[in-house]
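Chemist: Need a 3D model of the sequence below.
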Amino acid sequence: GVGDRHKENIPLIFDYCAEYVENVFPCDIRFPLGSVVFVRVDPRSPYLIRREDGALVLEKDGKLVSTVEWTERPAYYDRLTSDGLEMRRVMPLIGECCGAIMFSYYCMNWEGGLQCRFCNINATADHHKDSILTSNRADQIGEAAAAALEERPYAHMILSGGSLPKARVSDTCIALMEAVKNHSGREDIPFGLNIAAPRDTSENERLYAAGARS
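Modeler: Below is the predicted model of the structure:
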């Protein structure tokens with residue numbers, strides 16, 4: 001049922017599978033008390049999920065850890081933006097309640113070899129160049145976010161991307177937050193920003209005024 005009833009993995013800006021597979025695989029699993037965890041492919045992992053008597057079980061080194069479930073696939077994954085893009089690619093859902101808004105697959109720190117040692121943003125974009133949307137317009141993101149919020153009104157949004165010169169990250173995030181609010185008709189959406197801290201701390205005040213809360 002993955003890709004039909006259950007949510008499939010969609011490559012994100014900071015993907016980190018140890019091995020990439022071409023076939024569809026689940027995005028995440030839910031534990032009995034409600035915790036949701038990403039699924040990542042790693043042939044060296046001691047963990048295995050298999051079906052037993054109609055249920056999914058998680059094992060470590062062959063020993064039972066827990067029963068688990070795949071997460072449900074959002075209905076908006078089958079919808080298109082007004083210009084024909086798949087909403088699931090414009091704004092994938094992380095877990096069950098987080099819309100992932102990826103504003104840039106470019107980071108200026110990779111120019112001249114200054115990138116963070118642990119970062120794989122450009123390598124990910126290169127590997128998934130046929131499946132990742134490397135840029136999204138504000139109206140596309142606004143439409144996808146509004147569709148997700150219709151279905152899951154409790155959802156929050158996280159904005160993430162590479163470092164851009166001067167105030168461009170702030171300008172981009174503000175434009176996207178405004179687009180989400182305009183398309184959804186809501187002012188109470190919790191936005192989180194996964195960005196480098198601005199050198200000019202007054203940028204934080206601009207971002208807060210636009211809706212950023214973490």
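Chemist: In contact with the nearest residue to Gly95 once chain neighbours are set aside, which residues?
Modeler: Excluding its sequence neighbours, the residue lying closest to Gly95 (C-beta to C-beta, 6 or more residues apart in numbering) is Val36, at 4.2 Å. For the C-beta atoms, the positions are set from N, CA and C on the backbone; glycine is no exception. Residues in contact with Val36 (C-beta atoms under 8 Å, 6 or more residues apart in numbering) are 28-30, 71, 95-96.
Chemist: ok, the residue most central in space within the chain to Ala209 distance?
Modeler: Nearest to the geometric centre of the chain sits Ala100, at 3.4 Å (C-alpha atoms, centre = their mean). The gap separating Ala100 from Ala209 is 23 Å, by C-beta to C-beta, to the nearest Å.
Chemist: And the host helix or strand of Arg89, what does it pack against?
Modeler: Assigned by DSSP states H and E, Arg89 belongs to helix 87-90. The contact analysis (3 or more C-beta pairs under 8 Å, 6 or more residues apart in numbering; DSSP states H and E) places helix 87-90 against helix 138-151.
Chemist: Sort out which residues of the helix it packs on are buried, please.
Modeler: Buried residues in helix 138-151, counting neighbours by 16 or more other C-beta atoms under 10 Å, are found at 138, 140-149.
Chemist: now Thr43, what's its secondary structure?
Modeler: You called it Thr, but residue 43 is Pro. When classified by DSSP: H, G, I helix; E, B strand; the rest coil, Pro43 comes out as coil.
Chemist: Report the contact partners of the closest residue to Asn109 other than its chain neighbours.
Modeler: Setting aside the residues directly before and after it, Asn109 is nearest to Gln115 in space (C-beta to C-beta, 6+ apart), at 4.8 Å. The contact partners of Gln115, taken as C-beta under 8 Å, 6+ apart, are 107, 109, 121-122.
Chemist: Quick one: buried ones out of those?
Modeler: Buried by 16+ other C-beta under 10 Å: 107, 121, out of the contacts of Gln115.
Chemist: Inside strands: which ones of the contacts of Gln115?
Modeler: With strands taken from DSSP state E, there is no overlap with the contacts of Gln115.
Chemist: quick check: mean pLDDT across the helix ranked longest in the chain?
Modeler: Longest helix in the chain by number of residues (criterion: DSSP state H): helix 168-184. Average pLDDT, helix 168-184: 95.
Chemist: ok, residues contacting the lowest-mean-pLDDT helix or strand in the chain?
Modeler: Taking mean pLDDT, DSSP states H and E as the measure, helix 121-127 is the helix or strand of the chain with the lowest mean score, a mean of 72. With C-beta under 8 Å, 6+ apart as the test, helix 121-127 has contacts from 11-15, 20, 105-107, 110, 115, 132, 134, 162.
Chemist: Stretch 57-64: how far from the chain's middle?
Modeler: With C-alpha atoms, centre = their mean, to the nearest Å as the basis, stretch 57-64 stands 28 Å off its chain's centre.
Chemist: Then stretch 41-55?
Modeler: On the basis of C-alpha atoms, centre = their mean, stretch 41-55 sits 23 Å off its chain's mean C-alpha point.
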